[in-house]
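Enquirer: show me the folded form of this:
(chains A, B, C, D, E and F)
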There are 4 protein chains.
Amino acid sequence: MAGGTKRLPRAVREQQMLDAAVQMFSVNGYHETSMDVIAAAAEISKPMLYLYYGSKEELFGACLSRELSRFTEAVGADIDLKQSPHELLGSVISSVLRYIDANRASWIVLYTQATSSQAFAHTVREGREKIIEMVSRLLEAGTRHPEPDADFHMMAVALVGAGEAVATRVSTGDADVDEAADMLINLFWRGLKGAPADKEASPATP
Amino acid sequence: MAGGTKRLPRAVREQQMLDAAVQMFSVNGYHETSMDVIAAAAEISKPMLYLYYGSKEELFGACLSRELSRFTEAVGADIDLKQSPHELLGSVISSVLRYIDANRASWIVLYTQATSSQAFAHTVREGREKIIEMVSRLLEAGTRHPEPDADFHMMAVALVGAGEAVATRVSTGDADVDEAADMLINLFWRGLKGAPADKEASPATP
Amino acid sequence: MAGGTKRLPRAVREQQMLDAAVQMFSVNGYHETSMDVIAAAAEISKPMLYLYYGSKEELFGACLSRELSRFTEAVGADIDLKQSPHELLGSVISSVLRYIDANRASWIVLYTQATSSQAFAHTVREGREKIIEMVSRLLEAGTRHPEPDADFHMMAVALVGAGEAVATRVSTGDADVDEAADMLINLFWRGLKGAPADKEASPATP
Amino acid sequence: MAGGTKRLPRAVREQQMLDAAVQMFSVNGYHETSMDVIAAAAEISKPMLYLYYGSKEELFGACLSRELSRFTEAVGADIDLKQSPHELLGSVISSVLRYIDANRASWIVLYTQATSSQAFAHTVREGREKIIEMVSRLLEAGTRHPEPDADFHMMAVALVGAGEAVATRVSTGDADVDEAADMLINLFWRGLKGAPADKEASPATP
DNA sequence: AATGAATGAGAATTCATTCAT
DNA sequence: GATGAATGAATTCTCATTCAT
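Expert: Residues are numbered from 1 along each chain as shown, chains lettered A, B, ... in the order given. A predicted model of the protein is given here:
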């Protein structure tokens, strides 16, 4: 149909392959996606995949890598480091959710499917750990009387977990980006005490 | 000749198989665990596995099912429904983390590996959704002036996400159960504004 | 046709597989024989081959091993160690050639095809080296005034090489066993000088 | 941009390719050497290989052919046809072993690897057969009272086999050329009876 | 003249799954 | 009730070979 037998320069083919691979992996997962299917989706032959990426594992790694870079760059370009920690956290959240909304396959491939194989659990854990570290530092900077690092770190774990969960909803189209961002920001800084429209309330006790 | 040719009552056999399956699945994931390995670990023959569970998918489903029941029962037995929503959330968090700490393979199988196959993403999503619903109702009950359901639901998504992230740390031995529980409870009700030792502060601004 | 779907005890299947494998390998060589073809020849499925032998390489190794054992045993059983070295060498030659004549595929697999893969060149070299050592010792024992080992060893190399070449002719049906054996024995002990019916002649010069 | 895009005269290119091919084939064997590797070693592109030689098989054939010619020429140039058969055999042996010592890759490619593929066993057999014929005629000429051809032929088979075995040792550096040549010559004309330092002895009998 | 880009065809290997005893 | 024996169907990966420029 698409007559994809054209001679393309290496760089273009690479993207074409990665696009197809990200798409298929994100839909069916690492193990349930065969190289045959990816080749078909990319409208090239299997040997090309192997020529460019060496193995299925490396191909998946390349997907991970590209998507992570794009994500990092997008979020990095979006935020203004001169903001206060408070504002910074807010704009990061907002930027992240917007990126994910605009690149749904990417997010799924990165966080959901990557755990499918022992070979990548590691990579994903490392990526996540970096984000957690960053958030942890933001928290530390945004709090008046800092405490030992351990607490901030675990708080960051929780916040990033919350963010991932919401992001997943965004990626499936089950959440509106702006509302989700507001909610997360509110939740983070004020906790449930400040649940919507209940600003000065103390935790409800019977 | 070799041992293991014992006649065991069905119920015992079943548990023996599920134990082995949960163990292997949780270590190597769904796709990277073969029926051979499970049969070997359970010290029975492969046909027995098929006799009892029909297929690999069903076996994994049975693992999921059993672990989920145990989890639900443990947490259910642990909490007192007569508490205030506030107290209830706290005791649920605490109970959940303690259960996970005591049943690490179980948690991993449930939440991490289950997403490996399309066949179970669904099941896990449903299980998670139930918990989210419950948390959502707790939030609604614990807040003075309720808002439309959507918001509470998404907040619950975030909270459960945070809980899962922390629980994962507990399951890998990277977090202390009691400290993690306290942190989560504080975070949930007071937000970051109420970060440790900073109770009435407003967000720090430079 | 042959309805080979019968349930056979392990030992029987093993031989059946090795028979087929030796046959195919000896005809087409290691690389040019696919596991498919061997499975078909053995009238079993490919997974059986892998179940029993693990890999193509191991299967070939098993062929080599079995054929070598049979060869060694046959020759060992055939000779009388109480003979003089002279007689011994003669009866070994005769026994070897007779074995090869009766087991042509075996010989080819052992000596010709085994060199096809780097993986086995080693094994064959070792096997040959043992035979050379043995011949070397026979020569040493059969000669009045022994010399340093080095010479006997290289002589043994030459004799074994001659033997292999003749054996190959036997295996292809191009040489009569008895005549070949007599010729080799004569050649070994008397050299060309003692070529048939020319016992005391000096080399003919024009 | 990269080097190697030079325009070279056909003859030079051909040698460059054959050199690389002989080198790689002799190290890894026919089947275990890919066209990619040869092209890389020759510092040209694969299509060039195909342009010049048509197929892998033909390329190997060309290697065989060139090496055989060189071998034949070298040995032919080295010997003096006016010698007696006795001297002739001696000088051929000596010349052959010296050539092999000086061109190890060549020998390996010719005799060892060529048998790897059915496609060349034939060629090698033919080449060997020619040598055997020649030796056979030398033997006939060097013996006073000729016998039926069959015997001389098989003797030649044995002698050439012995020669190949020794030559292989020379090619691996495990034998000294001159000692090996002397030993072979002695062995051929006098047999084991005349084992070194035992010139007039009759075969040892207990 | 020379090559980067591309592929058809097939190889080894691994599973989940099922008989026949 | 329990299992050793057996396989159909994929899957990953490689290689000799050929276009299009």
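
Enquirer: in chain A, which residue sits closest to chain D?
Expert: The nearest approach of chain A to chain D comes at residue A:51, 10.7 Å away (Cβ to the nearest Cβ). No exception for glycine: its C-beta is placed from N, CA and C like everyone else's.

Enquirer: name the helices or strands packed onto whichever strand or helix holds that residue?
Expert: Assessed by DSSP states H and E, residue A:51 sits inside helix A:46-53. Counting contacts by 3 or more Cβ pairs under 8 Å, 6 or more residues apart in numbering or on different chains; DSSP states H and E, helix A:46-53 packs against helix A:10-28, helix A:35-42, helix A:56-78.

Enquirer: neighbouring contacts of stretch A:165-179?
Expert: Residues from elsewhere that reach stretch A:165-179 (Cβ atoms under 8 Å, 6 or more residues apart in numbering or on different chains): A:94, A:96-98, A:100-101, A:104, A:107-108, A:111-112, A:180, A:183-184, B:150-151, B:154, B:157-158, B:160-162, B:164.

Enquirer: buried among the residues you listed? Make that a PyMOL selection.
Expert: Here the buried members of those are turned into a PyMOL selection, burial being counted by 16 or more other Cβ atoms under 10 Å in any protein chain shown:
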select buried, (chain A and resi 94+96+97+98+100+101+107+108+111+112+180+183+184) or (chain B and resi 151+154+157+158+160+161+162+164)
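
Enquirer: hmm, back to that, could you export the helices and strands packed on helix A:46-53 as CSV, including mean pLDDT and mean neighbour count?
Expert: Output for the helices and strands packed on helix A:46-53, formatted as CSV (pLDDT from 0 to 100; neighbours: other Cβ atoms under 10 Å in any protein chain shown):
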stretch, mean pLDDT, mean neighbour count
helix A:10-28, 92, 18
helix A:35-42, 96, 18
helix A:56-78, 93, 17
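
Enquirer: closest to DNA strand E out of those helices?
Expert: helix A:10-28 (3.8 Å; Cβ to the nearest atom of the strand).

Enquirer: and the closest one, does that touch DNA strand E?
Expert: Yes - against DNA strand E, helix A:10-28 shows contacts by Cβ under 7 Å from any atom of the strand at A:10, A:13.

Enquirer: out of the helices and strands packed on helix A:46-53, which gets nearest to residue D:89?
Expert: helix A:56-78 (59.8 Å; Cβ to Cβ).

Enquirer: any low-confidence regions in chain A?
Expert: A:1-6, A:144-150, A:191-206 (pLDDT under 70).

Enquirer: and the end-to-end length of stretch A:143-156?
Expert: Using Cα to Cα, to the nearest Å, one end of stretch A:143-156 lies 13 Å from the other.

Enquirer: ok, now stretch A:168-181?
Expert: 13 Å.

Enquirer: any idea how far residue A:116 is from DNA strand E?
Expert: Distance of residue A:116 to DNA strand E, computed by Cβ to the nearest atom of the strand, to the nearest Å: 14 Å.

Enquirer: so residue A:64 touches residue A:123, yeah?
Expert: Yes - the criterion here is Cβ atoms under 8 Å, and residue A:64 meets it with residue A:123 at 6.1 Å.

Enquirer: mutual contacts of those two, please.
Expert: residue A:114.

Enquirer: which residue does chain A bring closest to chain C?
Expert: Of all residues in chain A, residue A:55 sits closest to chain C, at 19.3 Å by Cβ to the nearest Cβ.

Enquirer: for that residue, give its distance to residue D:72.
Expert: Distance, residue A:55 to residue D:72, by Cβ to Cβ, to the nearest Å: 47 Å.
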